[in-house]
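[1] build me a structure from this.
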Amino acid sequence: MKEKLLEMRKAFYKALEEVLTPAELDELRIYYLGKSGALKEILKQMGGLRKEDRPVMGELANELRDSMGEAMASKLKEFERMLLEKKIEEEKIDITLPGEKISMGRVHPTTKTIRELIDVFVRMGFSLEDGPEVESVYNNFDALNSPKDHPSRGLSDTFYFDASRVLRTHTSPVQIRTMKKMQPPIRMISVGRCFRNDEIDATHSPMFYQMEGLVVDEGISMADLKGTLEEFVRQLFGEETRSLFRPHNFPFTEPSAEVDITCFKCHGEGCRFCSGTGYIEILGCGMVHPSVLEECGIDSEKYTGFAFGMGLDRITMMRYEIDDIRYLYENDKRFLDQFRR
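    Sure, this is the predicted structure:
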């Protein structure tokens with residue numbers, strides 16, 4: 001029996017040298033030390049030994065089992081070390097190489113304009129108010145003194161949900177909501193999306209952004225309106241920019257005006273961009289019509305006010321010299337990457 005144990009030991013170590021993978025090592029363990037392994041088969045012969053030989057053979061078998069187990073454990077650690085070294089080699093990072101460029105997002109030019117406009121008017125004491133994009137016909141037209149036969153009420157101009165609800169055509173309904181929920185003094189602006197049934201081209205879009213402003217208090221005059229807008233123009237477009245007020249007609253203001261500013265291309269000299277006039281229109285404004293004040297429950301004998309509204313897409317296009325409104329809505333990364341500041 002001793003000879004069989006020694007022969008098994010010799011065969012085991014020879015086989016261990018030829019093992020190349022953890023899987024093969026496990027197979028070797030099962031073959032020699034498993035429940036039905038070679039060592040167990042030899043130990044089954046212990047019953048046929050003399051009584052005085054059994055302890056000697058048992059001790060020899062235990063030593064052999066322990067030495068084989070230690071040898072396989074050492075081999076397994078060697079495999080683990082080799083595997084770790086291979087992984088480190090494959091996954092190592094060359095820190096001397098330049099890092100990959102991370103593509104950062106850009107603030108949209110319209111968003112930049114909106115933020116700057118809000119900042120200008122908040123510094124002048126205006127609060128920011130909001131309202132829904134799905135608006136009532138009453139707030140969008142009736143309360144703003146719009147005649148029943150006004151062209152803007154037609155299906156060719158306005159998106160209707162039903163007879164009483166529309167996609168708002170301007171942000172002016174926020175003025176109505178504000179005057180109905182608070183009494184003067186009022187000094188507010190509102191910013192948001194508006195919708196009109198326009199064909200898409202270089203200067204028109206069925207969705208666009210507007211800003212409205214409203215001031216209502218005792219003693220408000222046209223001089224306050226002009227002073228406010230001239231200060232806004234100077235802060236947004238520069239101290240050298242001049243304003244020009246032209247008479248106009250809006251159903252919700254009386255008197256009404258449109259405001260032009262000196263062309264940013266020619267600085268008032270006249271060019272193709274401003275059609276030779278030296279000025280470019282930026283907004284409409286006027287004194288709030290007494291009928292609008294009364295409709296909102298404000299005493300028009302005691303209070304007066306002014307309002308103004310501007311298309312923010314147009315302002316954005318002017319500030320960044322963009323010649324097609326469609327660029328603002330196409331989400332072309334090549335276009336948006338130009339606006340880094």
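[2] going forward, measure contacts and count neighbours with C-alpha atoms only.
    Fine.
[3] show me the strands in the protein, by range?
    127-129, 134-136, 160-162, 165-167, 186-195, 207-217, 243-250, 253-262, 279-288, 304-311 (DSSP state E).
[4] could you provide these in TSV, with additional columns for distance to Phe79, mean pLDDT and mean neighbour count?
    Compiled in TSV, the strands of the chain are given as follows (distance: least, C-alpha to C-alpha, whole Å; pLDDT from 0 to 100; neighbours: other C-alpha atoms under 10 Å):
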stretch	distance to Phe79	mean pLDDT	mean neighbour count
strand 127-129	69	95	15
strand 134-136	69	96	19
strand 160-162	73	93	13
strand 165-167	71	95	19
strand 186-195	66	96	21
strand 207-217	66	95	22
strand 243-250	82	92	15
strand 253-262	79	92	20
strand 279-288	76	92	23
strand 304-311	72	95	23
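[5] now the ones you listed as JSON lines including distance to His150?
    Putting these into JSON lines (distance: least, C-alpha to C-alpha, whole Å) gives the following:
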{"stretch": "strand 127-129", "distance to His150": "27"}
{"stretch": "strand 134-136", "distance to His150": "16"}
{"stretch": "strand 160-162", "distance to His150": "15"}
{"stretch": "strand 165-167", "distance to His150": "15"}
{"stretch": "strand 186-195", "distance to His150": "17"}
{"stretch": "strand 207-217", "distance to His150": "21"}
{"stretch": "strand 243-250", "distance to His150": "11"}
{"stretch": "strand 253-262", "distance to His150": "15"}
{"stretch": "strand 279-288", "distance to His150": "18"}
{"stretch": "strand 304-311", "distance to His150": "19"}
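[6] what is the burial count for His170?
    Other residues near His170 number 24, with proximity taken as other C-alpha atoms under 10 Å.
[7] same question, Ile220
    Neighbour count of Ile220, defined by other C-alpha under 10 Å: 15.
[8] what sits against it?
    Tyr303, Thr304, Gly305, Phe306 (C-alpha atoms under 8 Å, 6 or more residues apart in numbering).
[9] next: Asp217.
    By C-alpha under 8 Å, 6+ apart, the contact list for Asp217 reads Pro184, Pro185, Ile186, Tyr303, Thr304, Gly305.
[10] excluding chain neighbours, what is closest to the second one?
    Nearest residue to Pro185 in three dimensions, chain neighbours excluded: Asp217, at 4.7 Å (C-alpha to C-alpha, 6 or more residues apart in numbering).
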